[in-house]
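Student: no sequence on this one, just coordinates:
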């Protein structure tokens, strides 16, 4: 819903205009001075300013200049009497969208407002498009040639054109928000807002206001109306990260929004309907949270319409070379006056394949970025790697983090066997005959185990046997 700020020093005039514009479906805010208007603009989302020209202390021209300093593209319509037409022309020269002469009839006002709103909607759409292009959140920015990532790419292709809710699960640092953005920017909503909220970053009371907005006076400090993320994401995509951190009461409210497609602002009584595509993400097992009574089962099924499980980096090691090349290129421009980095030393590459990567892709990016700062030549060597990373290497034992606490002996042994095979392959630089020798088994036996555990070595064909 578009919001208009009406500014006039005559006490009743903004109220009259507000009633007229609300009948046309607009939301309105009112102010009786330029200073009051600026305070509202600081804390509220406004799509148009309708201001009188002649006001004490701060006139319409000064208010226009202050508005344009803050947002040059926000449309401002000036209301002026016949005696101040010259001032209105000056306002147009300083960026006002238009001016309207008092007295005017309602139809004339609505015509001006609708034209300004149509223009600003195009401006906002172009902003979103520029943001999408500049951020380069396209399908190609998801890096991976492993079978697991190719399967995820296929799911994104299928789900992007739809409106179904998506639940992305995966460890921290696996790229859940990047997947959400890829879905959005490859969907029909690509030119509409992509709005992200981290559900673990705010206290419950603040998060409710952040999601649903609040009315003026709803609580201490609510000095004006504020739209929530649901409203800001209208016609676009809302991404709720760390959804497993929602409190029970907010889970109930979110479930109601998903069921009824409407909500009220905090302190409000009027239902607000929005058209959004919801994508949620979590690094927790929501099924385990349900079992422990910490997450609603009915909400889970509302969210889990299309599930996407992102694999940890240690389970798609064949993507490390691609990811490393991508991050080297990304941070190449930050190297000034030194030779460009062209790749990794073989020892560093083996180290990367042998590491557990608890921070996943995010940790790999951090290591590459820091190593490029320290690397004096064209190849990143072990001594260029961050000191804390090298210390982590010494403590990186056989990984059992993926095992459930109630795993059976058979499941545990199978997990250890798979980990040992992966480690041997990495140490042998993915030469299968050498890996089999390290394991003390024959090559045919290794091939059978590769099939048993679904280990794909096709990504390492540039290391022939």
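Tutor: Great, that's in hand. These numbers were taken from a predicted model, which means no experiment stands behind them.

Student: Could you tell me how many residues sit around the closest residue to residue 335 other than its chain neighbours?
Tutor: Distances taken as CB to CB, 6 or more residues apart in numbering place residue 372 nearest to residue 335, at 6.2 Å, with adjacent residues excluded. (C-beta placed from N, C-alpha, C; glycine too.) Residue 372 has 20 neighbours, counted by other CB atoms under 10 Å.

Student: how close does residue 372 get to residue 337?
Tutor: From residue 372 across to residue 337, the span is 13 Å (CB to CB, to the nearest Å).

Student: try residue 13
Tutor: For residue 13, the distance to residue 337 - CB to CB - is 63 Å.

Student: More neighbours: those two, which one.
Tutor: Comparing residue 13 with residue 337 by other CB under 10 Å, the one with more neighbours is residue 13, at 17 against 4.

Student: ok, then the element right after the one helix or strand residue 40 maps to?
Tutor: Under the criterion of DSSP states H and E, residue 40 resides in helix 34-43. Next helix or strand after helix 34-43 toward the C-terminus (DSSP H and E): strand 48-52.

Student: tell me which strands and helices that next one is in contact with?
Tutor: Packing partners of strand 48-52 (3 or more CB pairs under 8 Å, 6 or more residues apart in numbering; DSSP states H and E): strand 3-7, helix 34-43, helix 60-70, strand 76-80, helix 106-135.

Student: how about the strands of the chain, start to end?
Tutor: 3-7, 27-31, 48-52, 76-80, 98-101, 166-169, 194-198, 237-241, 262-263, 272-273, 277-282, 306-309, 343-344, 379-380 (DSSP state E).

Student: wait, what's in contact with the nearest residue to residue 30 once chain neighbours are set aside?
Tutor: Of all residues not flanking residue 30 in the chain, residue 14 sits nearest, at 3.8 Å (CB to CB, 6+ apart). Shown in contact with residue 14 (CB atoms under 8 Å, 6 or more residues apart in numbering): 6-8, 30-32.

Student: neighbour-wise, which of those residues leads?
Tutor: residue 7 (28 neighbours).

Student: what's the nearest residue to it if we skip its chain neighbours?
Tutor: Per CB to CB, 6+ apart, closest to residue 7 is residue 51, 3.9 Å.

Student: ok, now residue 172?
Tutor: Nearest non-adjacent residue to residue 172 (CB to CB, 6+ apart): residue 283, at 4.9 Å.

Student: Span of stretch 197-204 from start to end?
Tutor: Here the two ends of stretch 197-204 are set 13 Å apart, with distance taken as CA to CA, to the nearest Å.

Student: Now it: average pLDDT?
Tutor: Averaged across stretch 197-204, pLDDT comes to 90.

Student: Now that stretch: buried residues?
Tutor: 197, 199 (16 or more other CB atoms under 10 Å).

Student: let's number from 10 now, not from 1
Tutor: Understood, numbering begins at 10; the last thing we discussed is stretch 206-213.

Student: which outside residues touch that stretch?
Tutor: 216, 219-220, 238, 247-256, 258-259.

Student: hmm, back to that, what distance do you get for the residue nearest to residue 344 to residue 375?
Tutor: Residue 381 is 11 Å from residue 375, by CB to CB.

Student: cool, and residue 313?
Tutor: From residue 313 to residue 375 the distance is 31 Å (CB to CB).

Student: domain assignment for this protein?
Tutor: 12-140, 154-318, 322-403, 418-469 (automatic domain parsing).

Student: If I average pLDDT within each of these, which one is lowest?
Tutor: Taking the mean pLDDT of the domains of the chain, domain 418-469 comes last: a mean of 80.

Student: those helices in the stretch 260-409 of the chain, which residues are they?
Tutor: Remark: helices assigned in the stretch 260-409 of the chain by DSSP state H, counting those that start in this stretch are 295-300, 306-312, 329-339, 355-363, 369-383, 396-403.

Student: wait, what's in contact with residue 465?
Tutor: 155-156, 327.

Student: Make JSON lines from these and add distance to residue 28 to it.
Tutor: Converted to JSON lines, those look like this (distance: CB to CB, whole Å):
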{"residue": "155", "distance to residue 28": "61"}
{"residue": "156", "distance to residue 28": "62"}
{"residue": "327", "distance to residue 28": "65"}
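
Student: ok, these vs residue 229, which is closest?
Tutor: residue 155 (51.8 Å; CB to CB).

Student: residues in contact with that closest one?
Tutor: 320, 325, 327-328, 465, 468.

Student: Tabulate the residues you listed (CSV), appending distance to residue 427.
Tutor: As requested, these are exported to CSV (distance: CB to CB, whole Å):
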residue, distance to residue 427
320, 14
325, 14
327, 15
328, 18
465, 13
468, 17
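
Student: Residue 338: which of these is nearest?
Tutor: After measuring those against residue 338 - CB to CB - the closest member comes out as residue 328, at 15.3 Å.

Student: Give me the pLDDT value at the closest residue to the closest one other than its chain neighbours.
Tutor: Closest residue in space to residue 328, ignoring its immediate chain neighbours: residue 153 at 4.4 Å, by CB to CB, 6+ apart. With respect to pLDDT, residue 153 scores 85.

Student: which ones are touching residue 153?
Tutor: 159, 161-162, 325, 328, 331-332.

Student: Just the buried residues of those.
Tutor: Counted by 16+ other CB under 10 Å, the contacts of residue 153 give 161, 325, 328, 332 as buried.

Student: Mind picking the two most distant members of those residues?
Tutor: Between all members of the buried ones among the contacts of residue 153, the farthest pair (by CB to CB) comes out as 161 and 332, at 14.5 Å.

Student: Can you say which of the contacts of stretch 206-213 are buried?
Tutor: Neighbour-count burial (16+ other CB under 10 Å) applied to the contacts of stretch 206-213 gives 216, 219-220, 238, 247-255, 259.

Student: Looking at strand pairing, list the partners for the residue sitting nearest the centre point of the chain.
Tutor: Centroid-nearest residue in the chain, with CA atoms, centre = their mean: residue 205, separated by 4.1 Å. Beta-bridge partners for residue 205, by DSSP bridges, are residue 248.

Student: who's in contact with it?
Tutor: So residue 205 contacts 186, 189, 248, 250 (CB under 8 Å, 6+ apart).

Student: Give me the contacts around stretch 42-57.
Tutor: Contact with stretch 42-57 is made by 11-14, 16, 18, 38, 40, 58, 60, 64-69, 71-72, 75-76, 79, 83-86, 122, 125-126, 129, 232-236, 240-241, as judged by CB under 8 Å, 6+ apart.

Student: let me fix that: stretch 98-107
Tutor: In contact with stretch 98-107 (CB under 8 Å, 6+ apart) are residues 62, 69-70, 73-74, 77, 81, 84-87, 97, 108, 121, 124-125, 128.
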